[in-house]
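Engineer: return a 3D structure for these sequence lines:
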Amino acid sequence: MSAIEEFGARADLLVAAVVAGCLVALTLTLEFLLGVGDVSALVRIAPLYVYLLYLVFDNYVPEVVSPVVLWSALSVLVSVGVVVLYAV
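Structural biologist: The predicted structure is shown next:
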C-alpha cells in the first residue's frame with residue numbers, strides 16, 4: 001500500500017513541503033552562509049531528486065517506518081550532504 005493510499009494526499013503534501021523547505025534552505029545556505037555563488041542549478045535542486053524518487057518508488061519501499069518520515073529524512077540528508085560537500 002502506498003503512502004497516498006494509507007495517509008491520503010496529506011502524505012504527499014508533507015513530503016513536498018519538506019522538500020520545498022530543503023530547497024530553500026539549501027540555496028540560502030550555499031549563497032549566504034558559505035558564500036558559494038557558482039553552484040550548478042542541478043546541485044541546488046538535489047532535494048527535488050528525492051521527491052521524484054518518492055513519486056516513483058513509494059509503492060516499492062517496505063513500510064518499516066512511516067513513508068513520510070523516511071522520504072523527508074532522506075531529503076534532509078541529501079541537503080546536508082550537499083552543504084557538507086561544498087563546505088569542505
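Engineer: roughly how far does Phe57 sit from Ser40?
Structural biologist: Distance, Phe57 to Ser40, using CB to CB, to the nearest Å: 25 Å. Where C-beta positions appear, they are placed from N, C-alpha and C, glycine not excepted.
Engineer: these two: who's more crowded?
Structural biologist: Per other CB atoms under 10 Å, whichever of Phe57 and Ser40 has more neighbours is Phe57, with 11 against 8.
Engineer: so where does that one fall, helix or strand?
Structural biologist: Per DSSP states H and E, Phe57 falls inside helix 46-57.
Engineer: which outside residues touch whichever helix or strand comes after that helix?
Structural biologist: Using DSSP H and E, the next helix or strand after helix 46-57 towards the C-terminus is helix 67-87. Residues outside helix 67-87 that contact it (CB atoms under 8 Å, 6 or more residues apart in numbering) are 2-3, 6-7, 11, 14-15, 18-19, 22, 25-26, 29-30, 34, 36, 39, 43, 46-47, 49-51, 53-54, 58, 61.
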